[in-house]
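Fold the following and give me the result.
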Amino acid sequence: MTLFQSGVFVLHSKDVSDWTIDCSVLSDEDLDTLAHIGSHLIPEFGEVIGIPNGGKRFGNAMWAYRSAGPMLIVDDVYTTGDSMNEAKKNPDDIGLVIFARNPVKEAWITPIFTLTKP
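This is a model prediction of the structure:
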């Protein structure tokens, strides 16, 4: 398995795509490094929620950087933002994703990497 894959995929959003990002292939060390990078992009936070399924492992890695503050909601890949918006319970919650397949519409969500269409 590889991180970036070509084929026909039904995404979590139910959209169909000819490529996908499979973050399950990232090692724990990869996720720890991404958590380190991500922790410098967002304000301080307290609790962490990982969106199932891909966000759970990233959430565990982000746990090491918690201190005090709002809830942090994390996911591995942002496509539409629906999962993140469903998880948001308070206006001060903040979000972090590893990859954004599309431009992020919500100001409260920060991507580490953003993919743009050519």
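
end to end, how far does stretch 94-112 reach?
End-to-end distance for stretch 94-112: 14 Å, by Cα to Cα, to the nearest Å.

I'd like to know the average pLDDT value across it.
Mean pLDDT, computed over stretch 94-112, is 96.

Can you list the buried residues in it?
For stretch 94-112, the neighbour count (16 or more other Cβ atoms under 10 Å) marks 94-102, 104, 108-112 as buried. C-beta coordinates here come from the backbone N, C-alpha and C atoms, glycine included.

Could you do stretch 61-80 as well?
For stretch 61-80, by 16+ other Cβ under 10 Å, it's 61-62, 65, 70-79.

The longest helix seen in the chain: what's the following helix or strand?
As assigned by DSSP state H, the longest helix anywhere in the chain is helix 28-39. Proceeding N to C from helix 28-39, the next assigned helix or strand is strand 48-50, under DSSP states H and E.

before we move on, back to that, quick one: which of the buried residues of stretch 61-80 sit in strands?
72-78 (DSSP state E).

If anything else comes up later, I'll come back, but that's it for now.
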